[in-house]
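*Asks:* My questions concern the predicted model and sequence given below.
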Amino acid sequence: MTPRPKIAIRSRLGGYLASSLCWLLAAWAPAFAQSPWDPGVVTPAPETPAPETPAAAAPHPAIEQQNTTVVPRIGGEPTASDSTEPAEVRLVAQLTSDGQYIEQGLVWRVFQEPTSADGKRTLLSTHREASALLKLKPGTYTVNAAFGKAHLTRRITVKPGPGPTVEPFVINAGGLRVQALAGGIEAPANSVSYSIYSDRDQSDSRRLVLGSAKPGLIIRLNAGIYHIVSTYGDCNAVVQSDVTVEAGKLTEATIAHAAAKATFKLVQRAGGEALPDTQWVIQTPQGGEIKSSVGALPTHILAPGTYSVVAKSQGKVFQRQFTLENGETTQVEVIMK
């Protein structure tokens, strides 16, 4: 038997397959023409409704990015005083607005503004430099500049920023120097002291500015009118005077005392020995007490005039009247009789 050629079988099968493939391509051609893979055609995806999310549950963008908790600020927007960075403030003082700066003798006191209902301020710091450099948090403060008995208190506002700000204080002060005379010459050292009072106010009263001041010293005061009460000794040799202190100037005041010095002694006879432990009372002729003391020989400086002295010793009382002249130095004997 003669075998069939295999090539012919393959040829028929290839033709069959080829015709079948052509038929399939012709049938599917419209579908491939509208395929989403065609780069010239965009087919939108079917719309799927998103699940509803409550508005309160939507995360804040800042929270999502920083992964932190945001707490709302109480009391509104931040102010300059909320800053924690201190700012530099330099304090300077002048006697007058057109005068030079004070170089020594200044004391600065810085107070915090009152935060309670009682209105009391808290002292934050004290500085003794002529030009104090402070570091304060932004805010409002009360500052007192003292120059002797002259002073100025005012508020300052500290603002944030680079470099120190300068706060000038014009104290408007002058100096007062008192010279005391007794009998036309300078009074002995430590024998005179004086007090300075303010001018009379609306209620006709005065305020003590400085007590027990010594002559010859310069007292710094705010410009104005002052009342001086000077006492020679420890009794009634007193002189009063008004003076005017001008800003930026030194005022010289001279006070002349009229006085006499008297030493008292209780004796059994004229020119005798003084008895110890005697109690003395110096009075006006009307009986008003001027000075009391204890001792054998007390010495007092009195204004010229007439007086009465009472001596008490060993349960007995003795009295005498006497008169003193200006500039006199005398001894007053009380005889026991």
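*Replies:* Nice, thanks for sending it over.

*Asks:* Check the secondary structure at Gly235 for me.
*Replies:* Just so we're on the same page, residue 235 is Cys rather than Gly. Here Cys235 is recorded as coil under DSSP: H, G, I helix; E, B strand; the rest coil.

*Asks:* cool, and Arg206?
*Replies:* Under three-state DSSP, Arg206 falls in the coil class.

*Asks:* go on, Tyr194?
*Replies:* Going by three-state DSSP: Tyr194 is strand.

*Asks:* which SSE is the residue nearest to it when sequence neighbours are not counted in?
*Replies:* Counting by Cβ to Cβ, 6 or more residues apart in numbering, Tyr194 lies nearest to Ser230, which is 3.9 Å off, once chain neighbours are set aside. The C-beta positions use only the backbone N, C-alpha and C, and glycine is treated the same way. Using DSSP states H and E, Ser230 sits within strand 224-232.

*Asks:* what does that strand rub up against?
*Replies:* Here strand 224-232 makes contact (Cβ atoms under 8 Å, 6 or more residues apart in numbering) with 176, 178, 180, 182, 187, 191-200, 206, 209, 237-245, 253, 255, 257, 259, 301.

*Asks:* Likewise for stretch 158-165?
*Replies:* When contacts are defined by Cβ under 8 Å, 6+ apart, stretch 158-165 is touched by residues 80, 83, 85, 87-90, 133, 136-141.

*Asks:* Among the contacts of strand 224-232, name the buried ones.
*Replies:* The neighbour count (16 or more other Cβ atoms under 10 Å) marks 176, 178, 180, 182, 187, 191-198, 206, 209, 237, 239, 243, 245, 253, 255, 257, 259, 301 as buried among the contacts of strand 224-232.

*Asks:* mind checking the SS state of the closest residue to Gly233 other than its chain neighbours?
*Replies:* Distances taken as Cβ to Cβ, 6+ apart place Ile301 nearest to Gly233, at 2.8 Å, with adjacent residues excluded. With three-state DSSP as the basis, Ile301 sits in strand.

*Asks:* Pick out the residue nearest the middle of this protein.
*Replies:* Val110 (2.8 Å; Cα atoms, centre = their mean).

*Asks:* Verify the contact between that one and Ser125 for me.
*Replies:* Yes - the pair Val110 and Ser125 passes the contact test of Cβ atoms under 8 Å, sitting 4.9 Å apart.

*Asks:* in the strand holding Ser230, what's buried?
*Replies:* By 16+ other Cβ under 10 Å, the buried positions in strand 224-232 come out as Gly224, Tyr226, His227, Ile228, Val229, Ser230, Thr231, Tyr232.

*Asks:* need the residues you listed in CSV with distance to Thr153 and pLDDT, can you?
*Replies:* Formatted as CSV, the buried residues of strand 224-232 follow (distance: Cβ to Cβ, whole Å; pLDDT from 0 to 100):
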residue, distance to Thr153, pLDDT
Gly224, 16, 97
Tyr226, 20, 98
His227, 23, 97
Ile228, 25, 98
Val229, 27, 98
Ser230, 30, 98
Thr231, 32, 97
Tyr232, 36, 97
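
*Asks:* Report pLDDT for Val71.
*Replies:* We have a pLDDT of 41 for Val71.

*Asks:* Oops, could you answer that again for Thr251 instead?
*Replies:* Looking at Thr251, its pLDDT is 97.

*Asks:* which SSE is it in?
*Replies:* Thr251 is located in strand 250-257, with elements delineated by DSSP H and E.

*Asks:* hang on, the earlier thing: note down every partner strand of the strand holding Ser230 and its orientation.
*Replies:* With DSSP bridges as the test, strand 224-232 is paired with strand 192-198 (antiparallel), strand 237-245 (antiparallel).

*Asks:* average pLDDT for the last one?
*Replies:* Right, strand 237-245. Averaging pLDDT along strand 237-245 gives 97.
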